[in-house]
Structure formats: C-alpha cells, structure tokens
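Undergrad: Below: sequence and its predicted model.
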Amino acid sequence: MEGSRMTTTQSGKPAQAGGEEPVLRLRDVSKTIGRKTIVDKLSFDVRRGEIVGLLGPNGAGKTTAIRMMTGLIKISEGDVRIAGRSIRSDFKDAIVQVGAIIENPEFYPYMSGYDNLKQAARMTDSVTEERIAEVIALLGLQEALHKKVKAYSLGMRQRLGIAQALLDRPKLLILDEPTNGLDPAGIREMRDYLKKIAFSEGIAVLVSSHLLSEIEQMCTRVVVIQSGRLVTERAIGASGIGQERPELRVRVDRLGEAKQVLEQLDGVEVKETREAEREVIVLAADGEMTTLIDALRGADIAIYRISETKKSLEDEFLQWTGGNQIA
C-alpha cells in the first residue's frame, strides 16, 4: 500500500535536448480557501536532470503547492504542466508522468521489501521484472530485499518508497521532506541516491526540505516562497537574484589609500573597510576585476589577497524571507 505515491507509464529514458520544454512548469498558480490566499501566482520550472529545492518558512505554502502539483487538491487559478500536459485539463496524461512521496511512504509491514515492490508493480502493466531489479540496484536495496518492511530503518523505508515511485519510469519525482528524521549518515546516503537518480534516470526532481545545508549540497537550484509567493529562484553556487556584482574582500598594505583609489572607479562600490584585517570590502562586476587590480598597482598599493565573500544558503534564506526561520 503506497498511500501518497503516483507513477508513470513512460518507458525508457528520453534523450537530452537543448531548449526542450521543462518537465514541470507552474504558471501563476494560486490556491484560495474562502478569503485567504494560500498560494499566490506561483511560477517556476524544473527541467530534466535537475534537483530543485523548494524552500520557505513555516506556513509559506510549500505543501499546498506540492499537493496542487500532484492533483491532491484543486488549483484555484493558473496551471501546472507536467511534460507538456495540464494537470487541470489533461489530468490523467499529466499525472502518469509523476512519481511522488508526500509525507511518509506506506507499505504492507508484514511483507518483504521485494513483495511490496511486486505489489506496487501489479498496479500497472508496464513494470517488468527487469525494471524491478533496476530500481532495487539503483536504491541499494539488495541486502534488505527479503526482510519484512517492519524491520526496516527509516532510511531504508524512504529508499523503498522512492524505488516504488520510480517503478514506472516517471519524468518527474516529487519528494516532501525525504530526509526528515534521518541521522547524518542517512541524510548523506539519501543525498547521494537522489543525485544518482537524477543523473542515471534523466528525470527532474523537486525536493521540499527544511534542512538548508542539505539542500545546498543536494540541489542544483532553489525556489524560495513566502506567504505563497515566489521570493527568489537561483542556481546553487551562483550570486543571488538581483545581486549582479559579487562582494569582494581586498587585502592591501595601505588601507586608507586603497579605499580612496577604489572609490574613484566606475562599476566598483566600496561597502566598508576593516582595519584589523586591512581589507576593503567592495561590490565589483567580473569585468571590473582587472581595472580594480590595475588601479591599486598603479598607486603602488600592494595586494595580498582578493577573495569573494560567499554567503551560506541559510544566510541568504534569512535575508530573502526577512529573518523568518524555515520549517
């Protein structure tokens, strides 16, 4: 029994193609209950091979958004398209493209992991014994395969749930808090398996989680929502949306003179100086780096180090959401 799981009738892995339509596309999706708007004109895409993290503080609308994507609740306005099919007007053909675990996966506890997979496979005609063997290997379930599920650890149950969701070769995998309750080793293991799945299966993965450090290591991109609205969307490791110029720490020998020189440069903004570290903190576009270095050298100011300030995802999240904690 897989209470919150959906699968697909697709067979084989689609070939990669440049400029192809996103696997998941939300456009102006809203959910209103009475006079309260839970999700407000939410739009974003997830493409094949990506692992995208859906983040937001408690009550941001993450779970509501996921439930609309999977057809568990009705969309008030806008549309969700999965592999080009509309959830609203073409539900059957859209939802067969999805594998999902919302909340916790459910199984027959007195049956083995293998028997649970076989039971799930009976729901469709397209799952072969070969495919069952593939997902078993993909999720590393071989050793526990013939044990009863009631003896499984939480991490093993999560992996079995994902294996079930992958049986019918979905184009989109949606996971709500897949690392919730796992110990550090289990979290790392789950992260590695999801990366492997996105690459080897060639599918799009959307993950909701409250573990920001884990999202930072797992995902290729993040989508942040607050009060049901999109706050920001960006690639992991890239400068934040709206931050076109990276922040640089420039360590020099003559701090006061360096500050004066840099203040004269177009495209360079001096934010502050740090006397103890002999550093000038500036915002400078990539194309201005050479100009910055040449200007300091031209003034006979020694440059000891230039480094880019990297904010953690947690720092940026708190900035995006006005200090609201994630949950």
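TA: Sure, I can see it. Numbering: from 1, shown residues only.
Undergrad: Could you find the closest non-adjacent residue to Y110?
TA: K148 (6.1 Å; CB to CB, 6 or more residues apart in numbering). Bear in mind the C-beta positions are built from the backbone N, C-alpha and C, glycine included.
Undergrad: For the one you found, give its distance to S208.
TA: Per CB to CB, to the nearest Å, K148 is found 29 Å from S208.
Undergrad: neighbour-wise, which of the two wins?
TA: Counted by other CB atoms under 10 Å, K148 and S208 do not tie: S208 has more neighbours, with 22 against 16.
Undergrad: Okay, and the beta partners of the more buried one?
TA: For S208, the beta-bridge partners under DSSP bridges are L54, D176.
Undergrad: so it touches D176, yeah?
TA: Yes: with contact defined as CB atoms under 8 Å, S208 counts as touching D176 (4.8 Å).
Undergrad: Now for these two: what residues contact both?
TA: Residues touching both S208 and D176 (CB atoms under 8 Å, 6 or more residues apart in numbering): 63, 66.
Undergrad: check contacts around the residue positioned nearest the centre of the chain.
TA: With distances taken as CA atoms, centre = their mean, the residue of the chain nearest its centroid is G53 (1.9 Å). Contact partners of G53, counting by CB under 8 Å, 6+ apart, are 207-209, 215, 218-219, 221-223.
Undergrad: Would you confirm that G99 belongs to a strand?
TA: Yes: according to DSSP: H, G, I helix; E, B strand; the rest coil, G99 belongs to a strand.
Undergrad: Dig out what it forms beta bridges with.
TA: L173.
Undergrad: Likewise for E269?
TA: The partner list for E269 in beta bridges (DSSP bridges) reads L283.
Undergrad: and it, how many neighbours?
TA: 13.
Undergrad: ok, now the one 4 residues further on?
TA: A count of neighbours around T273, defined by other CB under 10 Å, yields 18.
Undergrad: surely it meets I281?
TA: Yes: counting by CB under 8 Å, T273 does reach I281; the two are 7.2 Å apart.
Undergrad: before we move on, the earlier item: name all residues that make contact with the residue nearest to Y110.
TA: So K148 contacts 109-112 (CB under 8 Å, 6+ apart).
Undergrad: how about CSV for those residues, with neighbour count and pLDDT added?
TA: CSV is the format used below for the contacts of K148 (neighbours: other CB atoms under 10 Å; pLDDT from 0 to 100):
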residue, neighbour count, pLDDT
P109, 13, 94
Y110, 9, 95
M111, 16, 96
S112, 18, 96
